[in-house]
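>>> Sequence first, predicted coordinates after that:
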Amino acid sequence: MLIRPIADDFRIIALYLGRILLVVAAAGLLPLAWAAIAREWDPFGSFLLMVGLLAVLGAIGVRLGPEEPKLDWSHGMVVVALTWLVVPIIGAIPLLLSGHFVRPLDAFFDSMSGLTTTGLSLLSDLDHLASSLNFWRHLLQFLGGQGIIIAALTIFAGTGGITLYFGEARDERILPSVTSTARFIWGVSVVHLVFGVAALGLVGWLALGFDLDRALFHGLLVFFAAFDTGGFSPMSTSIGYYHSALFEGFTALLMVAGAMSFGLHYALWRGPRRAIFANLETRTILSTFGFTLFVTLLGLAATSVFTTAVGLTRQGFFQVLSAHTGTGFATVSTAELARWGGLAFGGLAIAMALGGMGSSTAGGVKSLRIGLTIKSVVNQIKQMLLPEHALVGTGYYQSGEKHLNLNLTQSVMIISLLYVALYLLGAGIGLAYGIPLQSALFESVSASANVGLSVGVTDPSMPVLLELTYMLQMWAGRLEFVAVFSLIGFLLAWVRGK
Amino acid sequence: MTAPREPRWKEWRGYVGGLVMFAAEALIVIGLAVIAWLYSIVVLAFF
């Protein structure tokens, strides 16, 4: 029986949602200041509207909150799901007012794509977008990749912090408290911010001949999108714009860093470093990356797209890395990518579907789930081949010795299956609109796994239903379903509960 | 009673760790790229 939520449930949700909106309003002051400094007065007005709306709604939410809030599991999940709906809606205001979108829904699409670190875009004439708006698109990716909740948790933790933390698809508490974990995540990000922006900025300034301020602007924006595996880029031709192997190399480094779990960052930073390669997740991602890379390169060599080893390595390696880490940067055009047929296309699609590591900023099924799925299948086969009473070892190493029990297997299988269903949903709707199977599947996987590589289906003229489907896929894929189902359950209980 | 102060080099270890982390990631990317390049030479030889 569903229990109808009472007024206090709504007040608790309003309180936490309100607090998070206030944090996002504070983040919105950055592009506001940027617009003022750059004297971009039209975007300044739209940022002012956005920040004001976030602040007013946040204040109302906090005001509605009860005096002694007790955030339970379901409240936390509903807050997370709502946060990831409300923030993109309000965050779309400056984009909508920029005049760079055909339909209002397109601005919401880009905002959702940014926050979920997908990287698909419907923005027209990106190369002439105001710098403050370009900054905001990339900051959305940084906020979404780091996790809005992580941002909020570093400021307020309270009793329900852990629920909010897990709701945002993070299943690893690196340090004893959620607040210290959140602060460590920011520490890792700041290190990458400093080194990453300096490296990209220097390449832009010294090797590409950009002015220093332009080099740093591009470095910062590309850092946001690379480290948070987002995939938006300052220019319409993505990373191909720079025509620089060095720039691509540093971008690749940041993409890899973004797809690594924060637990692995912790092991690299503080040790024990020897355990890193013993982890099931590390072994799985190295194996799947190797497999998809070899398949893609083989496919490209077979179709004679590239005739030199350097060209083949540079383009194939970057595209597979971008797909597997869930970033979505490209060094080839959309039209050229669409021509990568056969094995190369399959390799890229599989890389996107598998995704990066858990508790990272990457999307997709995630390596640990893939590793555990393979392990449970192998165990099943062993069980069948061995005598009836023989015991099959269920241990695996992941930051310590662990056991693959039935509950864990079930949870891994369900989430993996839901991802496959999500991939097929978008592909099916694409097919219904007459899009060829290969393109429909590629774009659907790209949206669901929050990647952002495109073969041209995502376009301002795309059907509204398909656009809405991709948005649903980005949202559900980023939150790994649990928070989404909790919101649906909560709404059902509200309507039909007793 | 207060805990004894850590040696100065241990205080710095925390900061150096960030650099080690970044350098290790760079080595991973370079290693993967070299493997991809060697493999590319092999597959191109076949086609």
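Ah, there it is.

>>> Next, the contact list for A:Pro31, please.
A:Pro43, A:Phe47, A:Pro94, A:Ser132, A:Leu133, A:Phe135, A:Trp136, A:Leu139 (CB atoms under 8 Å, 6 or more residues apart in numbering or on different chains). Placement of C-beta: from N, CA and C, glycine included.

>>> show me where the stretch 351-498 of chain A has helices.
In the stretch 351-498 of chain A, the helices defined using DSSP state H, counting those that start in this stretch lie at A:367-385, A:406-432, A:437-448, A:464-479, A:482-496.

>>> Contacts made by the shortest one with the rest, please.
In this structure, residues lying in contact with helix A:437-448 by CB under 8 Å, 6+ apart are A:118, A:120, A:328, A:338, A:341, A:345, A:348-349, A:352-353, A:363, A:419, A:422-428, A:430-431, A:435, A:451-458, A:470, A:473-474, A:476-477.

>>> how far off helix A:464-479 does that helix point, in degrees?
With axes from the mean of the first three to the mean of the last three CA atoms, to 10 degrees as the basis, helix A:437-448 and helix A:464-479 are set at 50 degrees to each other.

>>> For the longest helix seen in chain A, the averaged confidence score.
As assigned by DSSP state H, the longest helix anywhere in chain A is helix A:7-37. Mean per-residue pLDDT for helix A:7-37: 93.

>>> what's the following helix or strand after it?
Per DSSP states H and E, the first helix or strand lying C-terminal to helix A:7-37 is helix A:41-64.

>>> and that following helix, what does it pack onto?
If contacts are counted by 3 or more CB pairs under 8 Å, 6 or more residues apart in numbering or on different chains; DSSP states H and E, helix A:41-64 sits against helix A:7-37, helix A:73-91, helix A:93-96, helix A:131-146.

>>> The first one: how far from the chain's middle?
Centre-to-centre, helix A:7-37 and its host chain are 20 Å apart (CA atoms, centre = their mean, to the nearest Å).

>>> Which positions within that helix qualify as buried?
Counting neighbours by 16 or more other CB atoms under 10 Å in any protein chain shown, one finds that the buried residues in helix A:7-37 are A:9-25, A:27-28, A:31-32, A:34-35.

>>> For the residue nearest to A:Ala302 when sequence neighbours are not counted, give me its contacts.
If the residues on either side of it in the chain are set aside, A:Ala302 comes closest to B:Phe47, at 5.5 Å by CB to CB, 6 or more residues apart in numbering or on different chains. B:Phe47 makes contacts with A:Ala301, A:Ala302, A:Ser304, as judged by CB under 8 Å, 6+ apart.

>>> Also A:Met474?
A:Met112, A:Ser113, A:Thr116, A:Thr118, A:Leu120, A:Ala447, A:Ser448, A:Asn450.

>>> I'd like to know which of these is nearest to chain B.
Ranked by distance to chain B (CB to the nearest CB), the contacts of A:Met474 are led by A:Asn450 at 20.9 Å.

>>> Excluding chain neighbours, what is closest to that closest one?
Spatial nearest neighbour of A:Asn450, chain neighbours left out: A:Gly363 (3.0 Å); criterion: CB to CB, 6+ apart.

>>> Now that neighbour: phi and psi?
Reported as degrees, to the nearest 10, the phi and psi values for A:Gly363 are phi -110, psi -160.

>>> so how far is A:Gly356 from it?
7 Å (CB to CB, to the nearest Å).

>>> quick one: common contacting residues for the two?
A:Thr229, A:Gly326.

>>> Surely A:Leu348 and A:Leu300 touch.
No: A:Leu348 is beyond contact range of A:Leu300, at 10.1 Å (criterion: CB atoms under 8 Å).

>>> who's in contact with the residue nearest to A:Gly355 when sequence neighbours are not counted?
What sits nearest to A:Gly355 in space, not counting adjacent residues and going by CB to CB, 6+ apart, is A:Gly364, at 1.7 Å. For A:Gly364, the contact set (CB under 8 Å, 6+ apart) comprises A:Gly326, A:Met352, A:Ala353, A:Leu354, A:Gly355, A:Gly356, A:Tyr419, A:Ala449, A:Asn450, A:Val451, A:Gly477.

>>> Now with 10 Å, please.
By CB atoms under 10 Å, 6 or more residues apart in numbering or on different chains, the contact set of A:Gly364 is A:229, A:259, A:323-326, A:351-357, A:370, A:419, A:423, A:445, A:448-451, A:477.
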